[in-house]
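K.L.:
One predicted model, sequence on top.
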Amino acid sequence: MSDPDWIDAALVSARPRAMAALLRYFRDLDTAEEAYQDACLRALKSWPDKGPPRDPTAWLILVGRNSGVDAGRRRSRQTALPSDEVLTDLAAGLDDAETALAERLDGADYRDDILRLLFVCCHPDLPATQQIALALRIVSGLSVRQIARAFLVGESAMEQRITRAKARVAKGDTPFEAPSPTERAERLLTVMAMVYLVFNEGYSAGGVEADARRPLCHEALRLSRLLLRLFPAEPEVMGLTALMLLQHARTPARQDADGLIVLLEDQDRGLWDAAMIAEGLALIDKAMRHRQPGPYQVQAAIAALHGRAERAEDTDWAQIDHLYAALERMTPSPVVSLNRAVAVSKVAGPQAALDMIAPLEERLAGYFHFHGLRGALNLQLGRDEAAREAFHQAIALAGGAAEAAHIRQHLDRLQAEGEKNRAAVSEG
């Protein structure tokens, strides 16, 4: 591995812990970020010649802390400052005692620091899009250009979005003391929800957007693995990580060569990532041994049943139905019920599924997937006109070109079959 490669890997790996420690020290996102960036610049100058320090994270924390303090002094003009070379030499010469000191200062609070940093990004006053953008910038270290590309907006617009998010956090009453066990549990749930939002921003993209947004899935998995290191015995964190692994494993088969959506039952399972599926299955099995079921574990268990089925016809739809029923009890939602209806259609037929989703129509009238499923079920029953009406409603609500193209395929087939039938009647 070349110098730039190992240095970049070290800086990426150290960022969450170093940023979290600097945030606790300075209690300001901008100051912590500037201090960390300055420490990174000094690492790029020092490490290629002197080699990596024993503990790169401790090195970055101490250099960042010195840099932030010195920047504050410079602004207040209180004292003369040492040169960059002096600070870099001082940091590069950290001996074992200083490294141990950094670990005592920051290692004891490592979990709370990281959780605090993530929680700041999940500030309840921020809309979901700003939470995601802030987490990707502050915790993951993605550039504004990378985040803007993923969200398909201009760099200046994304810069403004992140700046507004930081300003709102700064105005809020953000706690910096170590959270109580109850607060920690509440924060963890909020953070997991944000991580899954990041994942879905990438996973739900189709067509030309898919390649641009796929890095969001990778970042969500990286954040989830970080949570797993912080909370190795928490089954819901295992469930969240397993869920994303099992879903992301199917990515290579979810679109055809033309960028059109390929439904789960039609996917080439040979394209699924076997290693990722194996990791997800092992994680959900481990989580379920704790016998503390939660929504992420149940969703992961559903994904696991798909992952274990070598062929679509081998899928245990009855068990999936039972799991969705459990999820309905845990987190009642019309969308969960809609998803359960797919399993019901496989077990009890399309009419049973239609009867199940009928009461959901008012609440899901503006939801693309409701009308798409309604159209597919009517199509299975041979009710072409009802299917056509549902598909027209779905295509009007499509969230992207890929979704619209998928529904257009159904409408085109219906039109072709209608014309064929009319021609046959005319000839008769």
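P.N.:
Perfect, I can see it now. Numbers count the residues shown, from 1 in each chain.
K.L.:
Report how many residues lie close to the closest residue to P53 other than its chain neighbours.
P.N.:
Among residues not flanking P53 along the chain, W59 sits closest, at 4.1 Å (CB to CB, 6 or more residues apart in numbering). C-betas here are computed from N, CA, C, even on glycine. Neighbourhood size, W59 [other CB atoms under 10 Å]: 26.
K.L.:
Tell me how far R17 lies from L115.
P.N.:
As judged by CB to CB, to the nearest Å, R17 and L115 stand 12 Å apart.
K.L.:
which residues sit in contact with the closest residue to M288 other than its chain neighbours?
P.N.:
Of all residues not flanking M288 in the chain, Q297 sits nearest, at 6.4 Å (CB to CB, 6+ apart). The neighbours of Q297, taking CB atoms under 8 Å, 6 or more residues apart in numbering as the test, are P235, E236, M238, G239, A242, I284, A287, M288.
K.L.:
what sits against L281?
P.N.:
The contact partners of L281, by CB under 8 Å, 6+ apart, come to A242, L246, A304, G307, R308.
K.L.:
ok so, going back, ramachandran coordinates for the residue nearest to P53?
P.N.:
phi -60, psi -50 (degrees, to the nearest 10).
K.L.:
out of the contacts of Q297, who has the most neighbours?
P.N.:
Ranking the contacts of Q297 using other CB under 10 Å puts A242 first, with 32 neighbours.
K.L.:
Next, the contact list for that residue, please.
P.N.:
Residues in contact with A242, defined by CB under 8 Å, 6+ apart, are E279, G280, L281, L283, I284, A287, Q297, A300, A303, A304.
K.L.:
Quickly note the distance from it to A325.
P.N.:
According to CB to CB, A242 stands 20 Å off from A325.
K.L.:
per-residue pLDDT, the closest residue to M238 other than its chain neighbours?
P.N.:
Spatial nearest neighbour of M238, chain neighbours left out: A287 (3.7 Å); criterion: CB to CB, 6+ apart. Note for A287: predicted pLDDT of 97.
K.L.:
Which helix or strand contains A287?
P.N.:
helix 274-288 (DSSP states H and E).
K.L.:
Would you mind listing where the stretch 101-250 of the chain has pLDDT under the threshold?
P.N.:
101-112, 152, 172-180, 206-210, 212 (pLDDT under 70).
K.L.:
which stretches of the stretch 301-428 of the chain aren't confidently modelled?
P.N.:
Confidence mapping of the stretch 301-428 of the chain against pLDDT under 70 gives the ranges 418-428.
K.L.:
and if we set it to 80?
P.N.:
The stretch 301-428 of the chain contains residues with pLDDT under 80 at 399-400, 417-428.
K.L.:
about what we covered before: which of the contacts of L281 count as buried?
P.N.:
Using 16 or more other CB atoms under 10 Å as the burial test, these include A242, L246, A304, G307 as buried.
K.L.:
Just the ones of those in strands?
P.N.:
Of the positions in the buried ones among the contacts of L281, not one sits in strands, assigned by DSSP state E.
K.L.:
Any chance of these in JSON lines with distance to L11 as columns?
P.N.:
What follows is those, written out as JSON lines (distance: CB to CB, whole Å):
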{"residue": "A242", "distance to L11": "29"}
{"residue": "L246", "distance to L11": "30"}
{"residue": "A304", "distance to L11": "35"}
{"residue": "G307", "distance to L11": "34"}
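K.L.:
taking these one by one, which sit in helices?
P.N.:
Using DSSP state H, the members of the buried ones among the contacts of L281 that fall in helices are A242, L246, A304, G307.
K.L.:
related to what we said a few turns ago, tell me which helix or strand comes right after the helix or strand that contains the residue nearest to M288.
P.N.:
Counting by DSSP H and E, the element that carries Q297 is helix 295-308. Elements were assigned by DSSP H and E; along the chain past helix 295-308, the next helix or strand is helix 317-330.
K.L.:
buried stuff in that next one?
P.N.:
Neighbour counts over helix 317-330 (16+ other CB under 10 Å) mark W317, I320, D321, H322, L323, Y324, A326, L327, E328 as buried.
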